[in-house]
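[1] Return a 3D structure for these sequence lines:
(one chain, ligands or ions: 2)
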Amino acid sequence: MKQKIAIMGGTFDPIHLGHLMIAEMVRSDAGMDRILFIPSGNPPHKQDHEITAPEDRFEMTRLAIADHPYFDVSRIEIDRPGTTYTYDTMRALNSENDGSCDYYFILGADAFDYVPYWKEAEKVIQEVQFLVVARPGYTVAPLANMPQVRYQTVEMPQIDISSTEIRNRVREGRSIRYLVPEPVRAYIEERKIYS
Ligand code: ATP
Ligand code: MG
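    Ligands and ions are numbered 1, 2, ... in the order given. Predicted coordinates:
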C-alpha cells in the first residue's frame, strides 16, 4: 500500500491551532498516513506585511508539531533561495519519490480559490489532489475557471483563528494563550516576535 502524505503548506507566521486542527482532522478523517508541514520561504503573495524570518517560522512549526508521531516539518521551501512556488516544491518531492507515496495537499477554502493563479497551476493540479477545508467567511466551491482540479472537501468544525489576528493581538499586548500551542506562545514572548 502506498503511503498517503498530506502536505500542509503555509506561511505559519505564526502556526496556530487552526492549522493544527485541520491537519489532524484531515489525517484522521481523510485517511492520511502522515502530514508534512512545509513553511514557505518567501511567498509570492503576502507582500503586504513584513514576514517573520524563515528560521523563526520553521522553529515555531517544529515546536508546534513536536509531540505528534505522524506530523513532520520540512525545510524544503525555506532552504530554497528566491520566491517559493508549490510547483517547484512538488517537483522536488516527486523527484525523490520512489513510488512509495502519494501526495495530497491541504488547503483552506480561501487558499483553494487562489490555486488557478499559482505558477504552473495546470501542471500542479495533474500531480496532486487537494483536501479542502471550509474556513469562517469562505465556503468550499468548485473552481469555475479550473473545473479539472481534483479535490475533496473534508468536513470538520470551523475555527476562526488567523495568523493575522494573532500578530495583531501580540502587537496590542493581548493574550494569545490557547490560540497557539504553549511552546509557540513562549517562543514568541521570549524573542519578542510581533511586539
Ligand atoms: P495569515 O492571516 O497571515 O494569512 P493564516 O491564518 O491564513 O495566516 P496561512 O499560513 O496563510 O495562515 O495559511 C496556511 C493554510 O492554512 C492555508 O491553506 C489556509 O487556508 C489554511 N488555514 C489557516 N487558518 C485556517 C483556519 N482557521 N481554518 C481553515 N483553514 C485555515
Ligand atoms: Mg492566509
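
[2] which parts of this structure sit against ligand 1?
    By the rule C-beta under 6 Å from any ligand atom, the part of the chain lying against ligand 1 is 10-13, 18-19, 22, 107-108, 110-111, 133, 135, 159, 161-164. Glycine gets a C-beta too; all of them are placed from N, C-alpha and C.

[3] tell me the helices in this structure, going along the chain?
    For the chain, the helices defined by DSSP state H occupy 17-29, 54-65, 86-96, 109-112, 121-127, 163-171, 182-191.

[4] Which strands or helices does the first one pack on?
    By that I understand helix 17-29. strand 3-10, strand 34-39, helix 54-65, strand 101-108, strand 129-133 (3 or more C-beta pairs under 8 Å, 6 or more residues apart in numbering; DSSP states H and E).

[5] if we can go back for a sec, okay if I get the helices of the chain as TSV plus mean pLDDT and distance to Ala144?
    Shown next, in TSV, are the helices of the chain (pLDDT from 0 to 100; distance: least, C-beta to C-beta, whole Å):
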stretch	mean pLDDT	distance to Ala144
helix 17-29	98	24
helix 54-65	97	33
helix 86-96	93	21
helix 109-112	98	12
helix 121-127	94	14
helix 163-171	98	27
helix 182-191	98	37
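
[6] Tell me which of the ones you listed lies nearest to Pro39.
    helix 54-65 (4.8 Å; C-beta to C-beta).

[7] and the closest one, what other elements does it pack with?
    helix 17-29, strand 34-39, strand 71-73, helix 182-191.

[8] ok, now with 10 Å
    Other elements packing on helix 54-65 under the criterion 3 or more C-beta pairs under 10 Å, 6 or more residues apart in numbering; DSSP states H and E are strand 3-10, helix 17-29, strand 34-39, strand 71-73, helix 182-191.

[9] of all the ones you listed, which gets the most neighbours per residue?
    Scoring those by mean neighbour count under mean count of other C-beta atoms under 10 Å gives strand 34-39 as the most buried, with a mean of 23.
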